[in-house]
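# A structural model of the following input is requested.
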Amino acid sequence: MLQIANLSFASPFVLAPLAGYSDLPFRLLCKRYGAGYCVSEMISCHGLVYEQHNTLKLLATMPEERPISFQLFGADPEVMADAAEILASHSPEMIDINMGCPVRKVTKRGAGAALMTDRNLAEKILKKVVARVSIPITVKIRSGKDAASITAVIFAKMAEDNGATAVTVHARTWSQGFSGHIDQAVIANVKNNVNIPVLGNGDVLSYEDGRKMMAETGCDGVMIGRGALGNPWIFQETGRPESLPEIVAGALEHLRLIEEFLPADRLLGHVKSQISRYFKGFPGCSTLRAKVFAAENLLKLREIINSSISQA
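Coordinates of the predicted model:
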């Protein structure tokens with residue numbers, strides 16, 4: 001059980017906001033497989049305010065995936081507040097503010113992890129957003145800029161003092177990007193210094209990893225990112241199936257959701273990237289994944305997936 005503000009979640013395991021992956025079909029799948037809640041892909045505050053088509057598409061949701069958290073990024077306090085109002089009009093249960101993305105196209109504009117180098121600006125953003133909307137606001141941060149600047153505790157305290165209802169700590173620094181390993185001590189230190197719920201993030205590749213992180217750091221929940229790709233079973237205690245037919249069934253369910261909610265024919269590369277991950281680790285998986293990427297259309301892709309069982 002996880003409690004954030006007035007919201008209760010059956011599972012403390014949460015799907016992270018993965019750019020290019022945490023779309024509606026994948027969120028629905030992870031919710032079905034046990035995620036307490038899911039966070040959308042990063043949504044640009046400027047894209048929302050200027051009503052850009054590709055940004056507005058990220059707001060697609062449906063009752064089955066509730067509760068939902070929309071993640072917002074940007075570096076202009078006023079625009080962030082305007083965008084938060086727009087998000088709130090779509091009635092998500094929460095809004096998450098990204099202060100941890102290390103990708104250059106985000107940080108070069110002062111957003112994401114770059115906000116951890118400007119605490120005053122980060123505080124202004126949070127104050128403006130909290131004042132403008134009535135739904136719970138959470139914040140996602142990193143350990144700090146680099147190994148010499150571990151500021152997660154300072155930022156978590158700032159977030160709490162300015163109305164954040166929970167904080168997620170990706171225990172890598174901005175300079176690490178997605179390389180190296182997390183430092184779980186950072187998550188534990190944050191948990192010991194704030195009174196709002198703390199979610200740990202990073203290097204969780206199995207249900208057992210998540211439980212271990214909670215036990216060792218005392219964090220209230222775990223946000224799972226790359227470990228969920230091709231493995232929505234990560235949110236279940238039983239974990240990823242060992243039988244190929246069960247894996248195939250999961251991949252086909254994901255494919256059906258993609259076809260139902262996205263223009264799948266126009267996103268064939270995206271579909272292949274999602275589906276190919278299901279077969280990682282199985283005998284002959286490199287050959288099968290090559291066939292998946294060579295599929296010229298969705299019909300052929302489905303045939304390849306189904307035929308993989310007889311070839312196992």
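# could you list the domains of the protein?
2-235, 244-311 (automatic domain parsing).
# tabulate those domains (CSV), appending mean neighbour count.
(Glycine included, C-beta is placed from N, CA and C.) Shown next, in CSV, are these (neighbours: other C-beta atoms under 10 Å):
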stretch, mean neighbour count
domain 2-235, 20
domain 244-311, 16
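# any idea which of these scores lowest on pLDDT?
Note on those: lowest mean pLDDT is at domain 244-311, with a mean of 87.
# now do the helices in the stretch 151-300 of the chain.
For the stretch 151-300 of the chain, the helices defined by DSSP state H, counting those that start in this stretch cover 152-161, 184-191, 207-217, 244-261, 268-276, 285-294, 298-311.
# so which of these gets nearest residue 14?
helix 207-217 (9.7 Å; C-beta to C-beta).
# just checking, what packs against the closest one?
If you count contacts as 3 or more C-beta pairs under 8 Å, 6 or more residues apart in numbering; DSSP states H and E, helix 207-217 packs onto helix 184-191, strand 198-201, strand 221-224.
# same thing but 6 Å
When contacts are defined as 3 or more C-beta pairs under 6 Å, 6 or more residues apart in numbering; DSSP states H and E, helix 207-217 sits against helix 184-191.
# could you check the angle the helix it packs on makes with helix 152-161?
Angle of helix 184-191 versus helix 152-161, following axes from the mean of the first three to the mean of the last three C-alpha atoms, to 10 degrees, is 30 degrees.
# what angle separates helix 184-191 from helix 207-217?
60 degrees.
# ok, the nearest residue to residue 220 once chain neighbours are set aside - contacts?
Leaving out its chain neighbours, the residue that sits closest to residue 220 by C-beta to C-beta, 6 or more residues apart in numbering is residue 197, at 4.1 Å. Neighbour list for residue 197: 4, 166, 220 [criterion: C-beta atoms under 6 Å, 6 or more residues apart in numbering].
# now render the residues you listed as a markdown table, adding distance to residue 301.
Listed next are the contacts of residue 197 as a markdown table, based on distance: C-beta to C-beta, whole Å:
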| residue | distance to residue 301 |
| --- | --- |
| 4 | 38 |
| 166 | 39 |
| 220 | 40 |
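# closest one of those to residue 259?
Of all the contacts of residue 197, residue 259 sits closest to residue 4, with 33.0 Å by C-beta to C-beta.
# grab the longest strand from this protein for me.
Longest strand in the chain by number of residues (criterion: DSSP state E): strand 37-44.
# dihedrals phi and psi, residue 59?
Backbone torsions of residue 59, given as degrees, to the nearest 10, read phi -90, psi 0.
# which residues are contacting stretch 232-248?
Contacts of stretch 232-248 (C-beta under 6 Å, 6+ apart): 13, 29-30, 33-35, 207, 224, 227-228, 231, 278, 305, 309, 312.
# before we move on, what about stretch 275-283?
229, 230, 247, 251, 285, 288, 289, 292.
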